[in-house]
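S.K.: give the three-dimensional model of this entry:
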Amino acid sequence: MSVANKIFTNTLWQVVIRVITVVIGVFNLALITRILGQTGFGFYTTVFAFVQMFMILADLGLFLTLLREISAVETRSEESRVVNNIFTIRFFSSLLILLLVPVVIKFFPYDQIVKDGVVFFVFVFFFQSLMSTLTAVFSKKLDMPKAASVDLVNRVLYLGSLVYLFKAGGSLNVVLLLHSIVFVISFIIFYFLLKKYVTLRFAWDFRYWKKVFFRTWPLAITVVLNLVYFKADTLILSAFHSPEDVGLYGAPYKVLEVLATFPHMFMSLILPLFTAAWISKNLSKLKMLWQHSFDFFSILTIGMIVGIWIVNRPLMILLAGKEFAASGAILNVLVVATAIIFFGTLFTYMIVALGAQKKMIKYFLFAAIIGAIGYFIFIPRYSYWGAAYMTLFIEALIVVFAYLVARQQLKISLNFKVFNKSLLAGTVALLSGWAIKEFNLIFAILITGLVYLTVLYWTKAVDKKLVKELFNKQT
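M.R.: Residues are numbered from 1 along each chain as shown. The predicted structure is shown next:
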C-alpha cells in the first residue's frame, strides 16, 4: 500500500467517522441548548471556556512533541520509552490543573452556578487531555480511525444521556457531570485500543524529561500565547455582557471548534512524513507534501465557507433553536476564521517538523498582545461582534506569520494556482446559490455544491494523477 493511499484511506475513514460524529454532535448541541435555554447555555459556554483555558495551559505542546519524538524512533521499546515518559508528564500536569481549577475560579466574579459547574466539568478535560496527547501514537501508525471511533462512542453515550435529560429534565450541573462520566468511559475504551501499540505505565526518566522540556518549551509558550486570543474572547465577553450574549456567541463558536478539529486530524498524519522528509533532506518530497496539503485545504475551506454562508441562519435555528437565530450572522464571520485556522495548522505543523518553533514565539507574543488589547477595546463596546471580528483578525495575523517563518526556513514558496481556482469556483457557486436560496434552501445547497465541483473540474484545480495515486494500493 502506497503512503499516499494510506493517508487517503486513514483520512477517508476519519472523515466518515467524523461526519457521523458531527451529526451526533449537532443533536447534542440541539439538546443542550434546549435543556438549558439561552441563559443556561451562556453559563455552560463560560464553564467550558474557563476549564478549557486551564487545560490548554497544561498541554505544554506535548501532543506535537510526542508525535515528533515517536516519528524519529523505529523500535517498539524506544516508542514505549518515549510514550510512557511523555504520558507521565501529561498525567501529572493535568492532575495539577484538575486540582487548581476549582480553587482558582473562586477568585473570579462569576455567578455561583458557573463556579459550581466547573467542579462537575473538570474531569472532562482531564481525560480529554490524556487522550488528545496519546492520539499521536495512532497518528504515527496511520491508525487514526481507532482514535476517531472513540470520539464517536463518546458522542453516542453523551447523546443517550442528553435524550434522557431532555425528557426527564435536568440542570446545568447534571449536564456537566454526565459529560465527565462519559469521558471516563471513553478513556477506558481508548486505553484498551492503545494496548496494541504500547502498554501505558508511569516512567521516570528525568534525563529524558529534561530533553522533552527543552524541545517542548517553545510549543508550551506558543500554546499559552495562543490561549490569550483563542479563549480570552469568551471569558471577556462573559465578564462584560449577559449570559444571553455569551450563549449567542457560544453556539456558532461550537461549530468552529468542531470544524477546526479536522485540520489537526489530517496534519497529524502528515507531520511524520514532513519530519522524515526534513531529516533525510528530501526537499523535493517535502515541497510536494506541503503543496498538496495546501491545495487540499484550499478546495475544502472555500467550499466550507460558501456552504455555511448559504445556510447560516437556518443552520443555527436547526442546531440550537429559534432563540439562537441571531447566531447565524456570527457564524458567517467565525467560519472564515475557521478556514484560516486550517492554513494556520498546516504552516504550524510544518514549523514543528522543521524544529523551528522558537522562531514563532515573538509572533505569537505580538498576536497575543494585539488580541488582548483588541478584545478589551471592542468586546465591551460591540459585544459578540467585537469578539468575532477580533478572532478573525488575529487568526489571519498568525497565518501570515507562520507562512513567512516556514517559507524562510524552507526557502520554498507555495503555488497559489489551486487556491485561486477554488476562489473562482467558490464565487460562482455562492452567486448561484444565493440567487435561489430564498425560494428553496435545499435546492440552493445542491446547486451550490454542483456548481462548485463543476468549476473546479473545468479549471482543472484537481490533479487527476494525484487522485489515481490516492486510490492505488501498490507501493
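
S.K.: contacts, neighbours, all on C-alpha from now
M.R.: Fine.

S.K.: residue 84 contacts residue 200, doesn't it?
M.R.: Yes - using Cα atoms under 8 Å, residue 84 is in contact with residue 200, at 6.0 Å.

S.K.: and residue 143, how many residues sit next to it?
M.R.: 20 (other Cα atoms under 10 Å).

S.K.: got it, and residue 245?
M.R.: Residues near residue 245, counting by other Cα under 10 Å: 18.

S.K.: quick one: contacts for it?
M.R.: Contact partners of residue 245, counting by Cα atoms under 8 Å, 6 or more residues apart in numbering, are 42, 237, 383-384.

S.K.: redo that, cut-off 10 Å
M.R.: 38-39, 42, 237-238, 327, 383-384 (Cα atoms under 10 Å, 6 or more residues apart in numbering).

S.K.: what helix or strand is it on?
M.R.: Here residue 245 sits within helix 243-259, counting by DSSP states H and E.

S.K.: pLDDT below threshold where in this structure?
M.R.: By pLDDT under 70, the low-scoring segments of the chain are 1-15, 18, 58-60, 142, 219, 223-224, 226-231, 463-475.

S.K.: ok, longest helix in it?
M.R.: helix 3-59 (DSSP state H).

S.K.: next, the angle from that helix to helix 243-259.
M.R.: With axes from the mean of the first three to the mean of the last three Cα atoms, to 10 degrees defining the directions, helix 3-59 sits at 150 degrees from helix 243-259.

S.K.: can I assume residue 456 is in contact with residue 302?
M.R.: No - the criterion here is Cα atoms under 10 Å, and residue 456 misses it with residue 302 at 11.4 Å.

S.K.: what residues are shared contacts of the two?
M.R.: Joint contacts of residue 456 and residue 302 (Cα under 10 Å, 6+ apart) are 422-426.

S.K.: quick check, central residue of the protein?
M.R.: Central residue of the chain (Cα atoms, centre = their mean): residue 261, 3.0 Å from the mean position.

S.K.: for that one, give its distance to residue 267.
M.R.: Residue 261 sits 10 Å away from residue 267, going by Cα to Cα, to the nearest Å.

S.K.: what residues are up against the nearest residue to residue 256 once chain neighbours are set aside?
M.R.: Distances taken as Cα to Cα, 6 or more residues apart in numbering place residue 338 nearest to residue 256, at 5.8 Å, with adjacent residues excluded. By Cα under 10 Å, 6+ apart, the contact set of residue 338 is 253, 255-261, 263, 301, 304-305, 331, 344, 391-392, 395.

S.K.: tell me who's in contact with the nearest residue in space to residue 441 that is not next to it in sequence.
M.R.: Using Cα to Cα, 6+ apart and skipping the chain neighbours, the partner closest in space to residue 441 is residue 311 (7.6 Å). Counting by Cα under 10 Å, 6+ apart, residue 311 makes contact with 328, 332, 433-434, 437, 441-442, 444-445.

S.K.: so where does residue 311 fall, helix or strand?
M.R.: With DSSP H and E as the test, residue 311 turns up in helix 283-320.

S.K.: pull out the buried residues from that helix.
M.R.: Residues of helix 283-320 classed as buried by neighbour count (16 or more other Cα atoms under 10 Å): 283, 286-287, 289-295, 297-299, 301-317, 319-320.

S.K.: show me how far stretch 359-376 is from its chain's centre.
M.R.: Averaged C-alpha coordinates place stretch 359-376 at 20 Å from its chain's average position (Cα atoms, centre = their mean, to the nearest Å).

S.K.: before we move on, what about stretch 436-443?
M.R.: The answer for stretch 436-443 is 31 Å, by Cα atoms, centre = their mean.

S.K.: buried ones in it, by neighbour count?
M.R.: 436-437, 441.

S.K.: could you do stretch 162-171 as well?
M.R.: 162-163, 165.

S.K.: so what touches it?
M.R.: 27-32, 34-36, 40, 156, 158-160, 174-175, 178-179.

S.K.: now swap in stretch 375-386 and tell me
M.R.: Here stretch 375-386 has contacts from 228-229, 232-234, 236-242, 245-250, 327, 329-330, 333, 369, 371, 374, 387-391, using Cα under 10 Å, 6+ apart.

S.K.: let's see 6 Å
M.R.: 240, 249, 387 (Cα atoms under 6 Å, 6 or more residues apart in numbering).

S.K.: the second one and residue 233: what is the separation?
M.R.: Yep, that's residue 249 we're talking about. Going from residue 249 to residue 233 by Cα to Cα gives 10 Å.

S.K.: so residue 275 touches residue 353, yeah?
M.R.: Yes - between residue 275 and residue 353 a contact is recorded at 4.7 Å, counting by Cα atoms under 6 Å.

S.K.: helices and strands around the helix or strand residue 139 falls within, which ones?
M.R.: Using DSSP H and E, residue 139 sits in helix 112-140. In terms of contacts (3 or more Cα pairs under 6 Å, 6 or more residues apart in numbering; DSSP states H and E), helix 112-140 is packed against helix 172-194.

S.K.: can you show me the CA trace of the helix it packs on as CSV?
M.R.: Provided in CSV are the C-alpha atoms of helix 172-194 (Å, rounded to 0.1, in the frame of the first residue of the first chain):
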residue,chain,number,x,y,z
LEU,A,172,-26.6,22.6,34.2
ASN,A,173,-24.6,20.6,36.8
VAL,A,174,-26.3,17.4,35.8
VAL,A,175,-25.4,18.0,32.1
LEU,A,176,-21.8,18.7,33.1
LEU,A,177,-21.5,15.7,35.4
LEU,A,178,-22.8,13.3,32.8
HIS,A,179,-20.3,14.7,30.3
SER,A,180,-17.5,13.9,32.8
ILE,A,181,-18.8,10.3,33.3
VAL,A,182,-18.9,9.7,29.6
PHE,A,183,-15.3,10.8,29.2
VAL,A,184,-14.2,8.4,31.9
ILE,A,185,-15.8,5.5,30.0
SER,A,186,-14.2,6.8,26.7
PHE,A,187,-10.7,6.8,28.2
ILE,A,188,-11.1,3.2,29.3
ILE,A,189,-12.0,2.2,25.7
PHE,A,190,-9.1,4.3,24.4
TYR,A,191,-6.7,2.6,26.8
PHE,A,192,-7.6,-0.9,25.5
LEU,A,193,-7.3,0.2,21.9
LEU,A,194,-3.9,1.7,22.6
